[in-house]
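Undergrad: I'd like to go over a predicted model; first the sequence, then the structure.
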Amino acid sequence: MWTHTESNRVLPMDKPFSLNNVSYPANWLRVSGPEDKAAIGLEWIVPEPTPVVRAPLEREKAVGVARTKDTAGQMLAQSDWMVISSVERDRAVAEDWAEYRAAVLAEADRLEGEYNAAATYTDIDLIKQNWPENPNEVAAREIENARLAAAKLKQEEKRDGE
């Protein structure tokens, strides 16, 4: 940023300014040369970077644990009815959903352990989440992949027939 050395005044770019009863247009700092700027006492000063302020480590760890529990709760909520039905009506939870629920709980436990064990902010920043995909999403992806494969095969057969 351009600073007037005598007054220690910072001059913003693209704004008109006055120094020593002389008015300068908004574009003067952009179009003037280094000699012109030095002649009126301007100096380029690199601004200090703004320091990063973070919450206390224990609070960030607690927030990470809370977010993990919230995410797990949201992921499990879509299949809670299956568990309730298994208890109230003695119905079995589908194996793929039972595995999914177990994987969600395992990932939540892993993440909670990592947050609690974090000794530095870097430890928290390096925590990677690896949530499982629910069976409905897996089935939809597999159907879409099969549809795309069939369309590709049909296109190749059409091209080979020509």
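TA: Structure's in. What do you need?

Undergrad: can you tell me which residues contact the residue of the chain positioned farthest from its centre?
TA: Computed with C-alpha atoms, centre = their mean, the maximum C-alpha offset from the centroid of the chain is found at residue 21, amounting to 49.7 Å. Residue 21 makes contact with no residue under the criterion C-beta atoms under 8 Å, 6 or more residues apart in numbering. Placement of C-beta: from N, CA and C, glycine included.

Undergrad: and if you look at the one 4 residues further on?
TA: Under the criterion of C-beta under 8 Å, 6+ apart, the contact list for residue 25 reads residue 16.

Undergrad: if I look at it, how far off is residue 90?
TA: Separation of residue 25 from residue 90 (C-beta to C-beta, to the nearest Å): 83 Å.

Undergrad: ok, now residue 121?
TA: Spatial separation of residue 121 from residue 90 under the definition C-beta to C-beta is 49 Å.

Undergrad: Compare the two and say which is more crowded by neighbours.
TA: For residue 121 versus residue 90, neighbours defined as other C-beta atoms under 10 Å are more numerous around residue 121 (14 against 7).

Undergrad: Please identify the buried residues of the helix or strand containing residue 103?
TA: Under the assignment given by DSSP states H and E, the secondary-structure element containing residue 103 is helix 95-117. Neighbour counts over helix 95-117 (16 or more other C-beta atoms under 10 Å) mark 97-98, 100-101, 103-104, 107-108, 111-112, 114-115 as buried.
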